[in-house]
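S.K.: For reference, the sequence and a predicted model appear below.
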Amino acid sequence: MKVAKFGGTSVASAEQIKKVASIVAEDKERKIIVVSAPGKRNSNDTKVTDLLIKLGETYLNNQDTEKVLQDVLHRYEDIADGLGLGKEIIATIEADLRERLQFDQNRPGACMDLIKASGEDNNAKLIASYFQSIGLNATYLNPQEAGLFVSDEPGNAQVLPEAYDHLKALRDRNEIIVFPGFFGYSKEGTLVTFSRGGSDITGSILAAGIKADLYENFTDVDSVFAANPNIIENPVKIKRMTYREMRELSYAGFSVFHDEALFPAFRNGIPVCVKNTNNPSSSGTMIIAEREYFLNPVIGIAADEGFATIYVRKYLMNREVGFGRKLLQILEDEGLSYEHMPSGIDDTSIILRQDQLTQGIEERVVAKIQEELCVDDVYVERDFAMVMIVGEGMHNTIGISSRATAALTRANVNIEMINQGSSEVSLILGIHASDADRTVIELYHEFFSGADDTVQ
Ligand SMILES: Nc1ncnc2c1ncn2[C@@H]1O[C@H](COP(=O)(O)OP(=O)(O)O)[C@@H](O)[C@H]1O
Ligand SMILES: N[C@@H](CC(=O)OP(=O)(O)O)C(=O)O
């Protein structure tokens, strides 16, 4: 049995949904179909999820919601017309949206999630009707009915272990199930969404729940490439990669697959295949537990922006018992998570996602570090990027970091931070965000020039 997830680009228009239907129809093993909200039809388009976030904000600010509501409805009307579905489905979607716009405004997180998730929910209903109209034995299934229980953290839901016990019953269903991605329900019955891009997570949870033989993730590219195709023209394709490699690369900007989506598949040993809805005969990229040979020690290079550093200096920091704990406690008290913490003997830098550092929080954190830890210096710097060089073959390969630093020297890029975990599967370089693309290009040429069309 396979779970197939179709991303926003695969369900953005009637034409795309027809391709989805033929992919589903051609393989009887494709039993659970997870769908996203309609995504971009071209580079100037707006994702329905982004329209819905605007709708949610408009509603929560007590402004007139009608214009944005109509923009959302037009997207579904275009799709329904192109699929030859009647007007009834649009009336149902409109009624559903208007009902969501009655939700309690005193619960803004839950209200936003309810509105945001309608993109997937209504698209799943529409796609299930289309499948039925062309003779497929398909049915829409609501995540609450299926038992997809999650934690009550708006916009950042985490699956609850008991969800898997409920979801395994889906194995016994005889029809094709069309399941909306991106959200589950708390035990109290509140709808909660995963983080952005979270339909990948739904697919992985369902694949783990039914112990699928394969989790297929359909998108708009033939494979995962060794670098972001928006930065490198025709990058080499990755044929096989490990969960760990994909996790590191998606963490650092390979937006093709959500980093949180790997865990359920990995824990249950379910292979993941990234495939192209527009070219389904292409074999795609297999993500598996292990791969045996390494033609190239590096498999991919990624860069992600939006990081800040809290720099802390105190003479004899290395001798002060409990300094690190107290420093991290200050972050914890403000609800901040951190990504890396490279240290010297008298100084340390805490690297974190800068969108967490709103002005009030930044001021409080700096003041607390100053007062409670009596440091010599503390300040925040913004707009860093983290570049990751990743590959299982890097383990015990001599010279990777010298090749990387030489490439950055050629690109005239200053390295602010360098970090390698003991697993030696990745090397992280902290640089200024404005240098990110140049860095990826130079590193790509260093590690992939002369490589075949496909690696590994
Ligand atoms: N290394 C990479 N390999 C493949 N695609 C990548 C990579 N890095 C970034 N991408 C981008 O990810 C996009 C697919 O992800 P996304 O837009 O979220 O698709 P979907 O709508 O199917 O969920 C590709 O079109 C590509 O621009
Ligand atoms: N529609 C949601 C969830 C998602 O996974 O979308 P996509 O498949 O387009 O990445 C979002 O935009 O965040």
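M.R.: Cool, the structure landed. Residues are numbered from 1 along each chain as shown. Ligands and ions are numbered 1, 2, ... in the order given.
S.K.: Strands of the stretch 1-150 of the chain, residue ranges please.
M.R.: Per DSSP state E, counting those that start in this stretch, the stretch 1-150 of the chain carries strands over the ranges 2-6, 30-35, 138-140.
S.K.: closest to ligand 1 out of these?
M.R.: strand 2-6 (7.3 Å; C-beta to the nearest ligand atom). Yep, even glycine has a C-beta here, placed from its N, CA and C like the rest.
S.K.: which other residues reach the closest one?
M.R.: 20, 23-24, 27, 29-36, 181, 199-200, 202-203, 206-207, 210, 212-218, 277 (C-beta atoms under 8 Å, 6 or more residues apart in numbering).
S.K.: do the same with stretch 352-372
M.R.: Residues contacting stretch 352-372 (C-beta under 8 Å, 6+ apart): 306-308, 310, 312, 326-327, 330-331, 333-339, 375, 378-380, 382-383.
S.K.: Which ones among the residues you listed lie within helices?
M.R.: Under the assignment DSSP state H, those contribute 326-327, 330-331, 333 to helices.
S.K.: so where does Gly269 fall, helix or strand?
M.R.: Under the criterion DSSP states H and E, no helix or strand holds Gly269.
S.K.: pretty sure it contacts Ala289?
M.R.: Yes - here Gly269 lies in contact with Ala289, judged by C-beta atoms under 8 Å, at a distance of 6.4 Å.
S.K.: what helix or strand is whichever residue of the stretch 301-450 of the chain sits closest to ligand 1 on?
M.R.: Distances between the stretch 301-450 of the chain and ligand 1 by C-beta to the nearest ligand atom are smallest at Ala302, namely 6.8 Å. In this structure, Ala302 is located in strand 300-313 according to DSSP H and E.
S.K.: Which residues are in contact with Arg267?
M.R.: Contacts of Arg267 (C-beta under 8 Å, 6+ apart): Ala208.
S.K.: Tell me the confidence at it?
M.R.: On pLDDT, Arg267 comes in at 94.
S.K.: how about the residues of the stretch 1-150 of the chain near ligand 2?
M.R.: Applying C-beta under 6 Å from any ligand atom, we find that the stretch 1-150 of the chain lies next to ligand 2 at 7-8, 36-37, 39, 47, 49, 119.
S.K.: Can you give me the distance of Arg403 to Ala302?
M.R.: From Arg403 across to Ala302, the span is 17 Å (C-beta to C-beta, to the nearest Å).
S.K.: what about the closest residue to Ala163 other than its chain neighbours, neighbour count?
M.R.: Among residues not flanking Ala163 along the chain, Phe149 sits closest, at 4.6 Å (C-beta to C-beta, 6 or more residues apart in numbering). For Phe149, the number of neighbouring residues by other C-beta atoms under 10 Å comes to 23.
S.K.: Provide a list of residues in contact with the residue in the chain that ligand 2 sits nearest to.
M.R.: In the chain, no residue comes nearer to ligand 2 than Gly8, which is 2.4 Å away by C-beta to the nearest ligand atom. Listed by C-beta under 8 Å, 6+ apart, the contact set of Gly8 reads 36-40, 47-49, 199.
S.K.: List the contacts of Pro154.
M.R.: Listed by C-beta under 8 Å, 6+ apart, the contact partners of Pro154 are 109-110, 112-113, 192-193.
S.K.: try 7 Å
M.R.: Neighbouring residues of Pro154 by C-beta atoms under 7 Å, 6 or more residues apart in numbering: 109-110, 112-113, 192.
S.K.: Dump those residues to a markdown table, plus neighbour count and pLDDT.
M.R.: Shown next, in a markdown table, are the contacts of Pro154 (neighbours: other C-beta atoms under 10 Å; pLDDT from 0 to 100):
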| residue | neighbour count | pLDDT |
| --- | --- | --- |
| Gly109 | 15 | 97 |
| Ala110 | 17 | 98 |
| Met112 | 21 | 98 |
| Asp113 | 26 | 98 |
| Val192 | 24 | 98 |
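S.K.: so which of those residues comes closest to ligand 1?
M.R.: Asp113 (19.1 Å).
S.K.: My read is that the closest one contacts Val192, right?
M.R.: Yes - under the criterion of C-beta atoms under 7 Å, Asp113 makes contact with Val192 at 5.6 Å.
S.K.: which neighbours do these two share?
M.R.: Common neighbours of Asp113 and Val192, counting by C-beta under 7 Å, 6+ apart, are 154, 183.
S.K.: Name the nearest residue to Asp377, ignoring sequence neighbours.
M.R.: In space, Asp377 is closest to Arg313, 4.3 Å off (C-beta to C-beta, 6+ apart).
S.K.: Keep only those of the contacts of strand 2-6 that are also close to ligand 1.
M.R.: Ser36.
S.K.: Would you mind checking the contacts of strand 2-6 for buried ones?
M.R.: Buried members of those, scored by 16 or more other C-beta atoms under 10 Å, are 20, 23-24, 30-36, 181, 199-200, 202-203, 206-207, 210, 212, 214-218, 277.
S.K.: Give the burial count for the closest residue in space to Thr277 that isn't next to it in sequence, as a bare number.
M.R.: Spatially, and ignoring its direct neighbours in sequence, Thr277 is nearest to Ser10 (4.0 Å; C-beta to C-beta, 6+ apart). The local packing of Ser10 (other C-beta under 10 Å) involves 26 other residues.
S.K.: Next: Arg75.
M.R.: Residues within reach of Arg75, counting by other C-beta under 10 Å, total 23.
S.K.: you'd agree it is up against Lys47?
M.R.: No - with contacts counted by C-beta under 7 Å, Arg75 stays clear of Lys47, the gap being 9.5 Å.
S.K.: Check what pLDDT the residue nearest to Ser434 when sequence neighbours are not counted gets.
M.R.: Once flanking residues are discounted, Ser434 sits nearest to Asp383: 7.4 Å by C-beta to C-beta, 6+ apart. For Asp383, the pLDDT comes out at 97.
S.K.: same thing with the one 3 residues further on?
M.R.: In the prediction, the pLDDT value recorded for Met386 is 95.
S.K.: swap in Thr397?
M.R.: The predicted local confidence for Thr397 is 86.
S.K.: which residues sit in contact with it?
M.R.: Listed by C-beta under 7 Å, 6+ apart, the contact partners of Thr397 are Pro297.
S.K.: quick one, phi psi at it?
M.R.: Per-residue torsions, Thr397: phi -90, psi 120 (degrees, to the nearest 10).
S.K.: ok, now how distant is it from Val425?
M.R.: Going from Thr397 to Val425 by C-beta to C-beta gives 11 Å.
S.K.: Check Phe131 too.
M.R.: Relative to Val425, and taking C-beta to C-beta, Phe131 is found at 41 Å.
S.K.: Give the closest residue to the residue of the chain found nearest ligand 1 in space, chain neighbours not counted.
M.R.: Closest residue of the chain to ligand 1, C-beta to the nearest ligand atom: Gly7 (2.1 Å). Nearest residue to Gly7 in three dimensions, chain neighbours excluded: Thr219, at 4.7 Å (C-beta to C-beta, 6+ apart).
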